[in-house]
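>>> give me a model of this one.
(2 chains)
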2 protein chains.
Amino acid sequence: MSLDRLIEKIAALQNPTVAGLDTRLEYVPESIRAESFGKFGRTLEGAADAVLTFNRGVIDALCGIVPAVKPQCACYEMYGWQGMRALRGTIDYAKKKGMYVIVDGKRNDIGSTMRAYAAAYLGETDVGGERIAAFGADALTVNGYLGTDGIRPLLDVCAGFDKGIFVLAKTSNPSSDELQNQSFEGGETLYEAMGRFCAEWGGSLPGRHGYNGVGAVVGATWPKQLKELREMLPETFFLVPGYGTQGGTADDVAPAFDGNGLGAVVNASRTLLCAWKERGAPEADYAKAAAAEAVRMRDAIRARVGAIRL
Amino acid sequence: MSLDRLIEKIAALQNPTVAGLDTRLEYVPESIRAESFGKFGRTLEGAADAVLTFNRGVIDALCGIVPAVKPQCACYEMYGWQGMRALRGTIDYAKKKGMYVIVDGKRNDIGSTMRAYAAAYLGETDVGGERIAAFGADALTVNGYLGTDGIRPLLDVCAGFDKGIFVLAKTSNPSSDELQNQSFEGGETLYEAMGRFCAEWGGSLPGRHGYNGVGAVVGATWPKQLKELREMLPETFFLVPGYGTQGGTADDVAPAFDGNGLGAVVNASRTLLCAWKERGAPEADYAKAAAAEAVRMRDAIRARVGAIRL
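The predicted structure is shown next:
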């Protein structure tokens, strides 16, 4: 199923990373903001226009280097429905440029409602007999707190539309241990239980490259748990956030990979989007700086992981 | 903090219920759909226009009876950014009619991202120095799987803008027991742990009526757990979904309330929105049927709970 398409793009570019498009207005060069504000004023529409323009530049620079983008929903919802229009524009543009699109929405709800989320991001919405893809992403991050009936509608859509999901297991933030690391009676932790469910849910979506259609989110900031979950879940592909600004390194993410350099895709967001600021580059070079940082990240991880073989 | 405003509206109308606006196109009378499709075609824009028109009719009919509405994000996201524009329109209209608005998004993420969600739904987004409320709701449902640092940004916004949140504890769906009912070492279940965190997080947002600004979501379909959590969490206000179509009754929700008829707000969605279908009413009477059903629900719950006293 769909994570195969991600895996094949990773192999084609020999790059197991994804660019997180957590675009905030303050990351966007002043000249782009000024042009958007000139057109639309200091409004949500102006902000959304600036974000979309910035994203297009980043996608143009990265599409030959990085196989996937991961727009973070919150950063678009923050700019209202106008921001959600920019999310749609970003998804369309990334797909046109051949990139795989993971929408980071961490959605969760009861079954009947999850059908609506599955339709919104991965499948199609029925509008009086017309079938329309509202956002048209390739994969969606979800939260499994509600259990199997909140996940099943996604599996149906993944099977029907060749899409994938990533379920939160062990998140990258410092407080993730408060609940996720607690042990149930019997000794299994909550994040391990969630990992076990990922394997179970993914069983119905087998893949061509040893990994099924239900991935797990496991933070780069927790290398011990990453290693443990990799051993426990040999057919579960990992989305690994927390590289770069949050503190994760190439050494930290190495345990997520198998002997063929497969098994995970590592995300960096601010590290790429704000590279122009970090490097003191002229703002016109923001996309070039993102690309240079993406190459550096690819090479650092590849140096630990080796060649990627399908 | 903000749940006080909800509690005061509940007391003013003597009605501890909320109308779930989980509006799907198939709930909308044919005449409304035909008019929207006539204007915009069978497009996401046409669907969103029909949903908004339907919602306005429901809000007009309910605003003197029911204190609050709870639009379900998924049902708007399903219709794309156009649907999110209808969400914004629905929120604006409900607030204009004096209703309290709980956006049911079950959002969750790491701290820096939760700041964006908090701005999007409860606070304001900075656009080049202008402060703009992107959606402008009164409260937001959230998922606490990521722990305290994913919740703290919401508490800051709740304090600054007089808003509230509801954290998922024990959800109404059948599979909610898979993870939520598991016991940690020491005997506490996951849903109890989440309840305990609600009490802890809410401590910083005290209220005027005995309940703080961090509510908990507890399903009407689990009356035993509802009773247990009410005893365990005397200052936590409950949002109780699962009444009506999902199977919850007035008897089931009664344990959520205290001796003053306070402590919870009970949601029904399909039961109200599809009342015209269930009752075989002419489609022009859809709003009237929703109001009749809302009165029936109010009276059934009030018969168990008694007068509401602040």
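>>> give me phi/psi at residue A:108?
Main-chain torsions, residue A:108, degrees, to the nearest 10: phi -160, psi 140.
>>> give me the neighbour count for the residue of the stretch 1-150 of chain A found nearest chain B.
Nearest residue of the stretch 1-150 of chain A to chain B (Cβ to the nearest Cβ) works out as residue A:147 at 3.2 Å. All C-beta spots, glycine's among them, are computed from the backbone N, C-alpha and C. Neighbours of residue A:147 under the rule other Cβ atoms under 10 Å in any protein chain shown: 21.
>>> over to the one 10 residues further on?
Number of residues near residue A:157 (other Cβ under 10 Å) recorded here: 23.
>>> my guess is it contacts residue A:163, does it?
Yes. Assessed by Cβ atoms under 8 Å, residue A:157 is found in contact with residue A:163 at 6.3 Å.
>>> give me the common contacts of these two.
With contacts taken as Cβ atoms under 8 Å, 6 or more residues apart in numbering or on different chains, the residues that reach both residue A:157 and residue A:163 are A:122-123.
>>> could you list the buried residues of the helix or strand of chain A with the lowest mean pLDDT?
The weakest-scoring helix or strand in chain A, judged by mean pLDDT, DSSP states H and E, is helix A:275-278 (a mean of 94). Across helix A:275-278, burial judged by 16 or more other Cβ atoms under 10 Å in any protein chain shown covers A:275-276.
>>> gap between that helix and the chain center?
With Cα atoms, centre = their mean, to the nearest Å as the basis, helix A:275-278 stands 22 Å off its chain's centre.
>>> residues in contact with that helix?
Contacts for helix A:275-278 (Cβ under 8 Å, 6+ apart): A:27, A:29, A:271, A:281-283, A:285-286, A:288-290, A:292-293.
>>> max pairwise distance over these: which two?
Spatially, the most separated pair among these is A:271 and A:282, at 19.0 Å (Cβ to Cβ).
>>> neighbour count for these two, which is higher?
Each of residue A:271 and residue A:282 has its neighbours counted (other Cβ under 10 Å); residue A:271 has more, 21 against 11.
>>> the residue nearest the centre of chain A in helix, strand or coil?
Taking Cα atoms, centre = their mean, the centroid of chain A lies closest to residue A:70, which sits 3.7 Å from it. Three-state call for residue A:70 (DSSP: H, G, I helix; E, B strand; the rest coil): strand.
>>> over to residue A:10?
helix.
>>> how many other residues sit next to it?
26.
>>> what do you get for residue A:208?
What residue A:208 shows, counting by other Cβ under 10 Å, is a neighbour count of 12.
>>> check residue A:148 too.
Applying other Cβ under 10 Å, we find 18 other residues in the vicinity of residue A:148.
>>> show me the strands in the stretch 201-310 of chain A, by range?
For the stretch 201-310 of chain A, the strands defined by DSSP state E, counting those that start in this stretch occupy A:214-218, A:238-240, A:264-268.
>>> quick one: which of those strands is nearest chain B?
Closest approach to chain B among these (Cβ to the nearest Cβ): strand A:214-218, 10.5 Å.
>>> so what's the closest residue to residue A:184 other than its chain neighbours up against?
Closest residue to residue A:184 apart from its sequence neighbours, by Cβ to Cβ, 6 or more residues apart in numbering or on different chains: residue B:182 at 4.8 Å. Residues near residue B:182 by Cβ under 8 Å, 6+ apart: A:184-185, A:193, B:189-190.
>>> now residue A:88
A:134-136, B:80-81.
>>> about what we covered before: could you dump the strands of the stretch 201-310 of chain A to JSON lines with mean neighbour count, distance to chain B and mean pLDDT?
Shown next, in JSON lines, are the strands of the stretch 201-310 of chain A (neighbours: other Cβ atoms under 10 Å in any protein chain shown; distance: least, Cβ to the nearest Cβ, whole Å; pLDDT from 0 to 100):
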{"stretch": "strand A:214-218", "mean neighbour count": "29", "distance to chain B": "11", "mean pLDDT": "98"}
{"stretch": "strand A:238-240", "mean neighbour count": "29", "distance to chain B": "14", "mean pLDDT": "98"}
{"stretch": "strand A:264-268", "mean neighbour count": "29", "distance to chain B": "12", "mean pLDDT": "97"}
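>>> ok, which of the ones you listed comes nearest residue B:253?
In terms of Cβ to Cβ, the element of the strands of the stretch 201-310 of chain A nearest to residue B:253 is strand A:214-218, at 34.7 Å.
>>> now find how far off-centre that closest one is within its chain.
Distance of strand A:214-218 from its chain centroid, counting by Cα atoms, centre = their mean, is 10 Å.
>>> what pairs with it, and is each one parallel or antiparallel?
Partner strands and pairing direction for strand A:214-218 (DSSP bridges) are strand A:164-170 (parallel), strand A:238-240 (parallel).
>>> compare the ones you listed and report which one is nearest to residue B:230.
Here strand A:164-170 is closest among those (Cβ to Cβ), at 28.9 Å.
>>> state the mean pLDDT of that closest one.
Per-region confidence: strand A:164-170 scores 98 on mean pLDDT.
>>> how about that strand: buried residues?
Under 16+ other Cβ under 10 Å, the buried positions of strand A:164-170 are A:164-170.
>>> could you single out the nearest of the residues you listed to residue B:15?
Using Cβ to Cβ, the buried residues of strand A:164-170 come closest to residue B:15 at residue A:168, 36.6 Å.
>>> relative to residue A:16, which of the strands of the stretch 201-310 of chain A is closest?
strand A:264-268 (5.4 Å).
>>> quick check: angle from the closest one to strand A:214-218?
Orientation check (axes from the mean of the first three to the mean of the last three Cα atoms, to 10 degrees): strand A:264-268 against strand A:214-218 gives 50 degrees.
>>> report the closest residue of the stretch 151-300 of chain A relative to chain B.
residue A:175 (3.1 Å).
>>> so that residue makes contact with residue B:153?
No. Using Cβ under 8 Å, residue A:175 is not in contact with residue B:153; the gap is 11.9 Å.
>>> neighbour-wise, which of the two wins?
residue B:153 (21 against 18).
>>> can you name every helix or strand that the helix or strand encompassing that one contacts?
If you go by DSSP states H and E, residue B:153 is part of helix B:152-161. Under the contact definition 3 or more Cβ pairs under 8 Å, 6 or more residues apart in numbering or on different chains; DSSP states H and E, helix B:152-161 sits against helix B:111-121, strand B:164-170.
>>> got the ones you listed as a markdown table, with distance to residue A:61 columns?
Converted to a markdown table, these look like this (distance: least, Cβ to Cβ, whole Å):
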| stretch | distance to residue A:61 |
| --- | --- |
| helix B:111-121 | 24 |
| strand B:164-170 | 38 |
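>>> can you give me the helices for the stretch 151-300 of chain A?
Remark: helices assigned in the stretch 151-300 of chain A by DSSP state H, counting those that start in this stretch are A:152-161, A:177-180, A:190-202, A:223-232, A:250-253, A:270-273, A:275-278, A:286-305.
>>> which of those sits most buried?
helix A:270-273 (a mean of 24; mean count of other Cβ atoms under 10 Å in any protein chain shown).
>>> in the stretch 151-300 of chain A, where is pLDDT below threshold?
Nowhere does the stretch 151-300 of chain A drop to pLDDT under 70.
>>> residues of it that sit close to chain B?
By Cβ under 8 Å from any Cβ of the partner chain, the residues of the stretch 151-300 of chain A that approach chain B are A:168, A:171-180, A:182-185, A:187, A:190, A:193-194, A:197.
>>> same thing but 7 Å
Contact residues (Cβ under 7 Å from any Cβ of the partner chain) of the stretch 151-300 of chain A with chain B: A:168, A:171-176, A:178-179, A:182-185, A:190, A:193.
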